[in-house]
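K.L.:
Give me coordinates for this.
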Amino acid sequence: MGVKLRQQHSKILKGRKQKIDRRLKRKQWEDQERPMFKGRNIHYEVAEKIQAIRCGGIGAIHQMVQRSGLVEEINAKVKLLKVHVPYHESDHVLNIAYNILVGGMRLEDIELNRNNEGYLNAVGAQRIPDPTTAGDFTRRFTPEDIGSLMESINTVRSRVWAEGRKEKWKEALIDVDGTIAGTYGECKGGMNLSHKGIWGYAPLIVSFANTKEVLYLENHPGNVASHDGSVKWIDRAIEVVKPYAEEICIREDTDFSLTGNFDRWSERVDFVFGMDARAVLIKRAGELPEEAWNALVRKPRYAVKTQQRQKPENRKEELVKEKGYKNIRLTGERVAEFEYQPGKCEKICVGKELERGKRREGAI
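P.N.:
Modelled structure (predicted):
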């Protein structure tokens, strides 16, 4: 896009914004005789050449994908097709990814994009795979192929970080957690009943909190423990982020306190893991002197720009009191530190005991 054209577009957008600002400007209204939704004559026209799509940014995203080299990287590392008639591996991967980006919820929604000429033109494709073909492609993947696909994405990610950042992150935060992906299907392979009574899957997600990017993902049946098989993905995530960060901190909940790896990880990164309030930890916390405990002051979720709003009455709490139900409320938070050495560690960790009212939680 030329400089003059960009200036022209900026002028048009600025003018439209000013018109909206004038229409929405605060003023003292008088009593109106007619409703605001008055209605007016409107004309619909079908242009012969100009096409509009509801996902206008998909073209810009596809240009970014091409310029970053992601297409070539996928085709080089993911080998699922012996011949390409007419689609390559990257065509199938982008077809499914773009379907989600434009609001699709199922593979069947690809058919909407497939019959949208504006969408096809935006991604520069004569045609795209239909939902059945897309489903057949996903069934070709083995766990090793999925790993290759994630590594191809991370290779391009590292290239973008290297070219786009002038300095390293001072502290890179890697989050590891599991979630529950429910499904309404009854014939889905690998699904199971989770501890919450939801049929579906329990994917493990390793993400880069600084940019909210998912580095690795592994799908599990719904009844599998969230930390199952997480060590190898944590190690891989460290390798991806290490060249671009001065320090790395891994954050996980109690399920991921894999103490057998603490010594090895401590040589390369910092970590904050939750620990279950076991009897030995509760005893240690109970033996601490009162002066060891300090009030925990948390940062506010947001800054009040005008004045603090008055909170409405909590109707739920009123009903609980009226009916005489047990009412558990957070009365305060205190924190204390002490040294603790897990059985599988040679090094001593610093433990923090958090007291919420009468409930205690541990972190290392």
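K.L.:
Quick check: Ala134 touching Ile96?
P.N.:
Yes: with contact defined as C-beta atoms under 8 Å, Ala134 reaches Ile96; the gap is 5.8 Å. All C-beta spots, glycine's among them, are computed from the backbone N, C-alpha and C.
K.L.:
These two: which is more packed in?
P.N.:
Applying other C-beta atoms under 10 Å to Ala134 and Ile96 shows that Ala134 carries more neighbours, namely 22 against 17.
K.L.:
How about the contacts made by the more buried one?
P.N.:
92, 95-96, 107, 110 (C-beta atoms under 8 Å, 6 or more residues apart in numbering).
K.L.:
so can I have CSV of those showing pLDDT?
P.N.:
What follows is the contacts of Ala134, written out as CSV (pLDDT from 0 to 100):
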residue, pLDDT
His92, 97
Asn95, 97
Ile96, 97
Leu107, 94
Ile110, 96
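K.L.:
Dump stretch 115-124 to CSV, restricted to CA.
P.N.:
Presented in CSV, the C-alpha positions along stretch 115-124 are these (Å, rounded to 0.1, in the frame of the first residue of the first chain):
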residue,chain,number,x,y,z
ASN,A,115,-18.6,-21.2,-0.5
ASN,A,116,-17.6,-17.6,0.2
GLU,A,117,-15.8,-16.1,-2.8
GLY,A,118,-14.6,-13.1,-0.8
TYR,A,119,-12.9,-15.4,1.8
LEU,A,120,-11.3,-17.5,-1.0
ASN,A,121,-9.9,-14.3,-2.6
ALA,A,122,-8.6,-13.0,0.8
VAL,A,123,-6.5,-16.1,1.3
GLY,A,124,-5.5,-16.3,-2.4
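K.L.:
Could I get the buried residue list for it?
P.N.:
116, 118-120, 122-123 (16 or more other C-beta atoms under 10 Å).
K.L.:
Which members of the residues you listed occur in helices, if any?
P.N.:
Using DSSP state H, the subset of those located in helices is 118-120, 122.
K.L.:
just curious, which of the contacts of Ala134 is nearest to Val280?
P.N.:
Closest approach between the contacts of Ala134 and Val280, by C-beta to C-beta: Ile96, at 48.4 Å.
K.L.:
tell me the SS of the closest one?
P.N.:
The local conformation at Ile96, judged by DSSP: H, G, I helix; E, B strand; the rest coil, is helix.
K.L.:
repeat for Asn223
P.N.:
Assignment for Asn223 (three-state DSSP): coil.
K.L.:
And what about Tyr44, helix, strand or coil?
P.N.:
coil.
K.L.:
Please read the previous query as pertaining to Ile205.
P.N.:
Under three-state DSSP, Ile205 comes out as strand.
K.L.:
Now for the residue lying closest to it once chain neighbours are set aside: which residues touch it?
P.N.:
Nearest non-adjacent residue to Ile205, counting by C-beta to C-beta, 6 or more residues apart in numbering: Leu217, 5.5 Å away. Leu217 sits next to 150, 203-206 when contact means C-beta under 8 Å, 6+ apart.
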